[in-house]
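K.L.:
got a predicted structure here, sequence first:
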Amino acid sequence: MSYTYTTLKQAIETNQLAKAYLFCGPRGVGKTTIARIFAKSINQSIGNAQDDFSYNIFELDGASNNSVDDIRNITDQVRIPPQIGDYKVHIIDEVHMLSQSAFNAFLKTLEEPPEYLKFIFATTDIRKVPVTVLSRCQRFDLRRVDVETLSANFKWIAKEEGVAITDSAVALIARAADGSVRDGQSLLDQVIA
């Protein structure tokens, strides 16, 4: 995870941004969260800390919006440059769920996007993403989070929430999470409730 953070941070600081980024890995490890934070950070580096560039970020769920028409809506939107900030960012979550026709309709835009346009994709099944798309992305493989890191995170959350929890309970939750931050946080919420 630190490699991903360092690389993305340097890309922003040096303004050496790729056309497209792909975050892949098992469910619950933070792909979409990283995509959202990175998307917001891209414009904040050039703007005022108080500026909100979130209206330059467009998110599409590939699982429920996987048709050619959904992709055509994106390709129509990309023609309009951002009103404030340097970049428009389109996040497509579960990109592997797009139909082959949708990928084909999208490829031209991905090959030659306007300078102000950046794409961020997230997927749990990299094998279903066409090679033509993969070859145009900077890829980051995220892995399951180890038990120690999850335990430390859950202890911190419990402390911030003012909840007393034993180390053995935190360790049990971290093991049951099986490397998924989201699943672990859901378990922790259930325990606290």
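P.N.:
Everything's here; your move.

K.L.:
C-alpha only now, for contacts and for neighbours.
P.N.:
Will do.

K.L.:
and the helices in this structure, which stretches?
P.N.:
With DSSP state H, the ranges of helices along the chain come out as 2-13, 31-44, 68-77, 100-111, 131-134, 147-160, 167-177, 181-192.

K.L.:
mind putting those helices in TSV, distance to residue 19 included?
P.N.:
Conversion of the helices of the chain to TSV gives the following (distance: least, CA to CA, whole Å):
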stretch	distance to residue 19
helix 2-13	12
helix 31-44	12
helix 68-77	15
helix 100-111	8
helix 131-134	11
helix 147-160	32
helix 167-177	34
helix 181-192	28
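
K.L.:
turn these into TSV, including distance to residue 21, mean pLDDT and mean neighbour count.
P.N.:
Formatted as TSV, the entries for these read as follows, by distance: least, CA to CA, whole Å; pLDDT from 0 to 100; neighbours: other CA atoms under 10 Å:
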stretch	distance to residue 21	mean pLDDT	mean neighbour count
helix 2-13	10	88	13
helix 31-44	9	90	20
helix 68-77	17	88	15
helix 100-111	11	90	17
helix 131-134	9	95	14
helix 147-160	25	95	17
helix 167-177	27	95	18
helix 181-192	22	93	16
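
K.L.:
between the ones you listed, which one is nearest to residue 122?
P.N.:
Taking CA to CA as the measure, those were each checked against residue 122, and helix 31-44 came out nearest at 5.9 Å.

K.L.:
what sits up against the closest one?
P.N.:
Residues outside helix 31-44 that contact it (CA atoms under 8 Å, 6 or more residues apart in numbering): 8, 12, 23-25, 51-54, 57, 85-87, 89, 91, 93, 120-123, 142.

K.L.:
repeat the analysis, applying 6 Å as the threshold.
P.N.:
Counting by CA atoms under 6 Å, 6 or more residues apart in numbering, the neighbours of helix 31-44 from elsewhere in the structure are 23, 85, 122.
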